[in-house]
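S.K.: Quick one: sequence and predicted model below, then my questions.
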Amino acid sequence: MNNPVVEQVTSTGMTRSKEIAVVAFLIAIGAVLRMFSPAILGITPNFIIAMYCISILLLRPKLGAALGIGIVAGAISMIFSKSPIPYLNLFSEPAGALMCALLTYYLPEFSIKKYSFKPCLATFLGTLVSGGLYIILNFQLALHLPPAAMKAAFIGVVIPVALINMVMAQALYAPIRKYLFR
């Protein structure tokens, strides 16, 4: 006999609906933080990226599900974006989510005494991919600005946001994991 409730339990030990709730909750927190956070040195951190990276690291979804998390994050980012072309988030966030998922699966464990540094590496590189793709699409296809402007935006905006997200993900990953899997 097949019990449909038993079939919904995933490899994390949570039911599918609990995993969806965790992703929705984390992305909602990221959206609220993004909406109300002040600019730091003229840069508004994108906490939605940090939160979807944490959810991917915690739940380890298949690539298709990670792509879905990225699409949802992109749609939410469009609503709260301070960018002149917010729909580009529909392309950049799924790319960042896929990068984070690939690193979650294939990056060897990098830890010191059971303290993993995978969250900071996956979030940093996921943010770089998301921000880099956004910059390329924005500057090359929409605004038609020279490569020097694109390079300046990458160095001046994307790298600092990636560093902020990296610190945030590393700081929040262990407490959230402990709370969810206790």
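M.R.: Received, thanks. Numbers count the residues shown, from 1 in each chain.
S.K.: Please make it C-alpha for all contacts and neighbour counts, starting now.
M.R.: Will do.
S.K.: Now do residue 161: how many residues are near it, please.
M.R.: Residues contacting residue 161 under the criterion other Cα atoms under 10 Å number 25.
S.K.: contacting residues around it?
M.R.: 43-46, 127 (Cα atoms under 8 Å, 6 or more residues apart in numbering).
S.K.: out of these, who's nearest residue 21?
M.R.: The closest of these to residue 21 turns out to be residue 46 (Cα to Cα; 20.8 Å).
S.K.: before we move on, the earlier item: take the contacts of residue 161 and lay them out in a markdown table including secondary structure, neighbour count and pLDDT.
M.R.: Shown next, in a markdown table, are the contacts of residue 161 (DSSP: H, G, I helix; E, B strand; the rest coil; neighbours: other Cα atoms under 10 Å; pLDDT from 0 to 100):
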| residue | secondary structure | neighbour count | pLDDT |
| --- | --- | --- | --- |
| 43 | strand | 13 | 83 |
| 44 | coil | 18 | 82 |
| 45 | coil | 24 | 85 |
| 46 | coil | 24 | 88 |
| 127 | helix | 31 | 96 |
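S.K.: mind putting these in CSV, distance to residue 120 included?
M.R.: Converted to CSV, those look like this (distance: Cα to Cα, whole Å):
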residue, distance to residue 120
43, 20
44, 19
45, 16
46, 15
127, 10
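S.K.: surely residue 139 meets residue 151?
M.R.: No: look at residue 139 against residue 151 with Cα atoms under 8 Å: they stay out of range, at 10.0 Å.
S.K.: Looking at residue 3 now. What's its pLDDT?
M.R.: What the model reports as pLDDT for residue 3 is 52.
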